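Participant: Sequence and predicted structure are below.
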Protein chains: 2
Amino acid sequence: MSRQTLSDATRAALVEAAVVEFAAHGFEGASTRAIATRAGVHQPQINYHFASKADLWRAAVDSLFAELAVETRAATLGTTTQRATLEATIRAFVRHAARRPELNRIMVRESGAPSERLTWLADSHVRTAFADVSALWESLRRRGEVVDTDALTAFYLMIGGGTLLYTNSPEARLISGCEPTEPDRIEAHADTLVALLFRDVAPRPTTRRAVRETRPSPRSTTTSSRRRS
Amino acid sequence: MSRQTLSDATRAALVEAAVVEFAAHGFEGASTRAIATRAGVHQPQINYHFASKADLWRAAVDSLFAELAVETRAATLGTTTQRATLEATIRAFVRHAARRPELNRIMVRESGAPSERLTWLADSHVRTAFADVSALWESLRRRGEVVDTDALTAFYLMIGGGTLLYTNSPEARLISGCEPTEPDRIEAHADTLVALLFRDVAPRPTTRRAVRETRPSPRSTTTSSRRRS
DNA sequence: GTCTATACCGAGATAGAC
DNA sequence: GTCTATCTCGGTATAGAC
């Protein structure tokens, strides 16, 4: 609708193509030609819609964080306790990482060395996310509801433990022959991570969202862990 | 000693420089010029000592895995039970990740998309590592000594949870102002990870290696977690 | 073994017709 | 807004003197 629809469409196509290419090959490794080809447009179009390759990269990252925010928001809307909020956040985060590994692939590529891009990432997205989780964590920690660790350690434990299987899924496939994104496996993974971080988790004390569509077959290699009596 | 010492020295310097550059910028992002400059030699020397950039990259990765193997071997030598072996492995792994984040930075850059390099990585290093940990894990799991999760999930939970704080340390510094590699913080991190994965961890049931040199000051932001009575 | 010089290619970005 | 053609730069790798 409205004017400029066609232009917006190619812009959106470029952003999505950029997400895929940057996640797979990194900023330097991804070529604007490959991005344009994937988007079905010609290479100079990139410099028409974006000021530079770096500008396209930022648009791609913004898009990925927006997606994550939408899902996290939806998952935490019904929660009433801090504990339920954190648990819902973790579950949404793991599911998102599995479905959209591109976000964490880009993050991990950029977070290992100081750079303009990393500074921008920290300023635009990561610092506030850490502040939010940190406040939640420390509050729960004071009440003894979560494991006794500082928020920084907990933050990277959650992210690393909750995403590496998906950011590294091509590697995981090669070494195990398993498919990491199999739905039951994702749920079991989220269950495990939640069970690890919360102390004395009751069988399932929180908003167990209706999202989980099927989950019929009892997994063989995977056993949903609801540990500790 | 012996002949060829000088040649070996520049070769070693190139490998170490390659480790740093590849970890910081990725395979495509790192330039052979920058590697040569860092090693203090001229760029064409690379193609004299190595067949190609890819060949240098493999040498750098081999070197990093060799370092890890040495430390893991040393840490597990005295252990008598499987439980002690796994715990010592995890502690050695976390310490290594903190001191040598380059290994995990390179790994995570390559493991997100199929490629010749990833295939080589899986064949040369990762598959056997996973097989070893997997056997250990499943055995302990059958005896109820660790959390009830499949080996693949556990493998990536350990690696992701144990390393992301260090692979992403530049990001962590930006968002928290803390120094992730502060020794007490590393130990607390290892303590937490071990406590999470083992069920009902007794205060400290294993070979606590004499390596930990000092550790005097009681940390403020970090409380070494030896949880669960 | 190490240097200088350079070939060769693919990258990002721009010019200007349509 | 989108195309074709092209500029410029930085990359890896090689040639050949020392």
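Facilitator: Everything's here; your move. Owing to the predicted nature of the structure, the values given are computational and were not obtained by experimental measurement.

Participant: Can you verify my assumption that residue A:83 contacts residue A:198?
Facilitator: Yes - using C-beta atoms under 8 Å, residue A:83 is in contact with residue A:198, at 7.1 Å. C-beta here means a position set from N, CA and C on the backbone, and glycine is covered the same way.

Participant: Mutual contacts of the two, please.
Facilitator: Residues touching both residue A:83 and residue A:198 by C-beta atoms under 8 Å, 6 or more residues apart in numbering or on different chains: residue A:145.

Participant: Now the element after the host helix or strand of residue A:45, going C-ward?
Facilitator: Using DSSP states H and E, residue A:45 falls within helix A:44-49. Scanning forward in sequence from helix A:44-49 by DSSP H and E, the next helix or strand is helix A:53-76.

Participant: So for stretch A:95-109, mean pLDDT?
Facilitator: Mean pLDDT, computed over stretch A:95-109, is 98.

Participant: near DNA strand C at all, it?
Facilitator: No - figure legend: stretch A:95-109 not in contact with DNA strand C (C-beta under 7 Å from any atom of the strand); closest approach 14.7 Å.

Participant: Off-centre distance for that stretch?
Facilitator: Remark: stretch A:95-109 is offset 5 Å from the chain centroid, using C-alpha atoms, centre = their mean, to the nearest Å.

Participant: any bit of that stretch sitting next to chain B?
Facilitator: Yes - interface with chain B: stretch A:95-109 contributes A:101, A:105, A:107-109 (C-beta under 8 Å from any C-beta of the partner chain).

Participant: Is it possible to mark the buried ones in the residues you listed?
Facilitator: For the residues of stretch A:95-109 next to chain B, a burial check counting by 16 or more other C-beta atoms under 10 Å in any protein chain shown picks out A:101, A:105, A:107-109.

Participant: Could you pull up the residues touching residue A:163?
Facilitator: For residue A:163, the contact set (C-beta under 8 Å, 6+ apart) comprises A:93-94, A:97, A:101, A:104, B:160.

Participant: Just those residues: which are in helices?
Facilitator: Among the contacts of residue A:163, the subset assigned to helices under DSSP state H consists of A:93-94, A:97, A:101, A:104, B:160.

Participant: and DNA strand D, which of those reach it?
Facilitator: Counting by C-beta under 7 Å from any atom of the strand, no member of those is near DNA strand D.

Participant: List the contacts of the worst-scoring helix or strand of chain A on mean pLDDT.
Facilitator: One helix or strand of chain A scores below all others by mean pLDDT, DSSP states H and E: helix A:5-29, with a mean of 93. Here helix A:5-29 makes contact (C-beta under 8 Å, 6+ apart) with A:30-31, A:34-36, A:38-41, A:45-46, A:49-50, A:53-54, A:56-57, A:59-60, A:63-64, A:101-103, A:105-106, A:109-110, A:117, B:25-29, B:109, B:112-113.

Participant: tilt between it and helix A:53-76?
Facilitator: Inter-element angle recorded for helix A:5-29 and helix A:53-76: 100 degrees (by axes from the mean of the first three to the mean of the last three C-alpha atoms, to 10 degrees).

Participant: can you give me the offset of helix A:5-29 from its chain's centre?
Facilitator: Offset of helix A:5-29 from its chain centre (C-alpha atoms, centre = their mean): 18 Å.

Participant: Sweet, I'm off.
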